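> my questions are about this predicted structure, shown below with the sequence.
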Amino acid sequence: MSHTRRHFSAEQKAQVVRRHLAGKEAVSDLAGELKIQPILIHLWVKQVLELVERAFEKSPGHHRATQAKDQRIGQLEAKIVQKNEVIAELMEENVRAKKATGGL
């Protein structure tokens, strides 16, 4: 059974996080609406909260080395989120396959 992976843009992720944080919508409700695992929304919220200090920095371009490291960290975090999406999808497929074969 072919299952296509969906990718969410940064804007879409930000919108979901805003709805959760500002609108107090439950993660489970948002996840159900988007048909994704709740852990993904928790990861997106965690990313936002880890980067919130940048909004209050006095000099945004204070050190090139720090900027390069922050950029690399952002890239690696995005890679982790992508891998977590794949893992969640594979886990779902595994459970479905086990149910279909009577394994569960």
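Good, I have the coordinates.
> in the helix or strand encompassing Arg96, what's buried?
Arg96 belongs to helix 64-101 when assigned by DSSP states H and E. Neighbour-count burial for helix 64-101, with 16 or more other C-beta atoms under 10 Å as criterion, is recorded at 81, 85, 89. The way it works is simple: take the backbone N, C-alpha and C, and place the C-beta from them, glycine included.
> list just the nearest of the residues you listed to Leu43.
Checking those against Leu43 with C-beta to C-beta, the nearest one is Val81 at 5.4 Å.
> just give the number of residues close to the closest residue to that closest one other than its chain neighbours.
With sequence-adjacent residues excluded and distances taken as C-beta to C-beta, 6 or more residues apart in numbering, Val81 is closest to Leu43, at 5.4 Å. The tally of other residues near Leu43 (other C-beta atoms under 10 Å) stands at 17.
> residues contacting whatever helix or strand Leu43 lives in, please?
With the criterion set as DSSP H and E, the secondary-structure element containing Leu43 is helix 38-50. Residues outside helix 38-50 that contact it (C-beta atoms under 8 Å, 6 or more residues apart in numbering): 13-14, 16-17, 20-21, 27-28, 30-31, 77, 80-81, 84-85, 88.
> repeat that for 10 Å
By C-beta atoms under 10 Å, 6 or more residues apart in numbering, the residues outside helix 38-50 that reach it are 8, 10, 12-14, 16-21, 25-32, 34, 37, 73-74, 77-78, 80-81, 84-85, 87-88.
> how distant is it from the center of its chain?
In terms of C-alpha atoms, centre = their mean, to the nearest Å, the centre of helix 38-50 is found 6 Å from the chain centre.
> and that helix, what's buried?
Buried residues in helix 38-50, counted by 16+ other C-beta under 10 Å: 38, 40-41, 43-45, 47.
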